[in-house]
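Visitor: with the sequence up front, the predicted model follows.
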Amino acid sequence: MSRLNVDKITGKTGTNSGAPITLSGDTATLSGTGVTFPAGHVIQMQHTIFYASSHSQFTDDTQYLETNSGIRVSITPKYSNSMILVTFDITGQSTSTWGKCKIMRSYDGGSNFSDLKNSSGSAITYGAYGAQMVDDNAGYAPLVSFDFPNTTDEIVYNGFMKAPANHYWPHSSTTNFAYAMEIKQ
């Protein structure tokens with residue numbers, strides 16, 4: 001059996017001090033600006049776990065309102081052309097009629113939220129994604145969408161809802177989850 005022992009791996013035209021791969025025991029570390037990840041590679045993932053001790057009630061069907069600031073998830077993309085996969089699993093209950101849910105984003109720390117953007121830069125409207133809770137329905141409302149933010153600034157995501165009558169989202173005494181995953185394009 002042959003064995004090759006090395007500490008650093010550098011390309012043929014690389015420099016000795018800027019090795020992009022450093023080896024230590026059974027661990028390989030990628031470093032430096034010369035590391036290129038292939039399209040579809042997960043760069044990072046952020047998450048929030050939120051226990052709702054009380055519920056948020058919605059009775060406004062004219063505008064989308066933030067569910068609860070405690071379930072916000074933030075991510076700072078490493079690449080401006082990355083895609084962000086955003087997922088929310090929020091418990092809810094409808095006690096009378098329909099309610100519409102969607103994910104929105106903020107570039108200013110959560111003061112102002114706007115619609116997500118598709119790969120061509122157009123806003124994704126509520127008809128293109130989201131969930132609708134039906135009469136007297138309770139359970140998780142899973143929301144999943146892609147966002148193409150075109151920035152390396154921090155982005156804050158959260159679930160929003162509009163409903164004409166008693167909807168609770170998140171519901172009291174429940175655990176809710178939010179994930180934001182940066183995917184290289």
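Guide: Nice, I can see it.
Visitor: for the host helix or strand of Cys101, buried residues please.
Guide: Element membership for Cys101 (DSSP states H and E) is strand 99-106. If you call a residue buried by 16 or more other CB atoms under 10 Å, then strand 99-106 has these buried ones: 99-106. Every C-beta, even on glycine, is put in place using the N, C-alpha and C of the backbone.
Visitor: with stretch 169-183 instead?
Guide: Taking 16+ other CB under 10 Å as the criterion, stretch 169-183 shows 169-171, 174, 176-183 as buried.
Visitor: can you check stretch 68-83 too?
Guide: The neighbour-count criterion (16+ other CB under 10 Å) identifies 68, 70-75, 77, 82-83 as the buried residues of stretch 68-83.
Visitor: which residues does it contact?
Guide: Applying CB atoms under 8 Å, 6 or more residues apart in numbering, the set of residues contacting stretch 68-83 from outside is 43-44, 46-48, 50, 52, 56, 84, 86, 88, 90, 110, 119, 146-159, 170, 176, 178-180, 182-185.
Visitor: tell me the buried residues within those.
Guide: Neighbour-count burial within these applies to 46, 48, 50, 52, 56, 84, 86, 88, 90, 110, 146-149, 155-159, 170, 176, 178-180, 182-184; the criterion is 16+ other CB under 10 Å.
Visitor: give me the helix or strand of the chain that scores worst on average pLDDT.
Guide: Least confident helix or strand of the chain, by mean pLDDT, DSSP states H and E, is strand 131-133 with a mean of 60.
Visitor: show the subsequent helix or strand relative to it.
Guide: Following strand 131-133 in sequence order, the next helix or strand is strand 138-147 (DSSP H and E).
Visitor: can you list the strands that that following strand pairs with?
Guide: Using DSSP bridges, strand 138-147 pairs in its sheet with strand 83-94 (antiparallel).
Visitor: tell me which residues touch Glu66, please.
Guide: With contacts taken as CB under 8 Å, 6+ apart, Glu66 has the following neighbours: 104, 113, 158-160.
Visitor: same thing but 6 Å
Guide: Counting by CB atoms under 6 Å, 6 or more residues apart in numbering, Glu66 touches 158, 160.
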